[in-house]
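[1] quick one, what's the 3D model for this:
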Amino acid sequence: MAYGVFLENMNIIKNNLNVLRKDIPSNVKLVAVSKTKTEKELLEAYECGQRIFGENKIQEMSSKFENLPKDIEWHMIGHVQTNKVKYMAPFVHTIHSVDRIKLLNEIQKQALINDRIIECLIQVRIAVEETKFGILPSELNPILEKASTYPNIKIKGLMGMASFTSNREQIRSEFKILANLFRLNNEFNVLSMGMSGDYSIAIEEGSNMIRVGSKIFGERNY
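    Numbering: from 1, shown residues only. Got it, this is the predicted structure:
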């Protein structure tokens, strides 16, 4: 990449971050969704003060962890295959997508091996789309009861994704479902909901962690 292009990209990312930070309350944590983005682009965001990055593929996240500053807080936001947990257990800060007891079992196993406590969020399916992952609201208590027996897992709260739709009232109603579940548990302190297209609604409904990619880095090239 030519130096002039590098500076231009860095300025775009810096400007995007500044605009976003002005738009969100101080109590809302920003997870910069960096999947498919280059290490150079992540470093540009890092130089602008961003420290929390979210990835959805363990292999890609592991590679970036090896090469980027060690004070980055890595969040796994994608669906997790049980046999891949061991690759991120040494460094991952938060796993957003816990949706089954089998996965909890493996996280506890690998966290114990690495002498770590891994923070987790339970993913609840609030969208109407069948392709979305997550437990049903009625399944929350059994998974929380199981997690409470594991010393190397700390359940911090809930995560959910609204339906991919232009109907803002539907999006709001789905976020309300998750927010109401969140308020029922006094031990929860993280409500992760809201992405580039709907984070403003999510924040209005109580989200204190948003996952934003394209509004920082631009559209992805898959």
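[2] what lies in contact with stretch 139-153?
    The contact list for stretch 139-153, computed with CB atoms under 8 Å, 6 or more residues apart in numbering, reads 98, 100-101, 104, 107-108, 111-112, 116-118, 120, 122, 124, 135, 155, 181, 185. Where you see a C-beta, it was placed from the backbone N, CA and C, and this is true even at glycine.
[3] apply 6 Å and report the result again.
    Taking contacts as CB atoms under 6 Å, 6 or more residues apart in numbering, the residues outside stretch 139-153 that touch it are Ile101, Leu104, Ile107, Gln108, Ala111, Leu112, Ile117, Ile118, Cys120, Ile155.
[4] so which of those residues wins on neighbours?
    Using other CB atoms under 10 Å as the neighbour test, the contacts of stretch 139-153 are led by Cys120, with 27 neighbours.
[5] quick one: that one is in a helix?
    No - in this structure, Cys120 is strand, not part of a helix, as judged by DSSP: H, G, I helix; E, B strand; the rest coil.
[6] what bridges to it?
    Applying DSSP bridges to Cys120 yields these beta-bridge partners: Ile95, Ile155.
[7] mind listing what it touches?
    Ile95, Val98, Ile153, Ile155.
[8] could you rerun that using 10 Å?
    By CB atoms under 10 Å, 6 or more residues apart in numbering, the residues touching Cys120 are 76, 92, 94-98, 103-104, 107-108, 111, 147, 150, 153-157, 159, 190.
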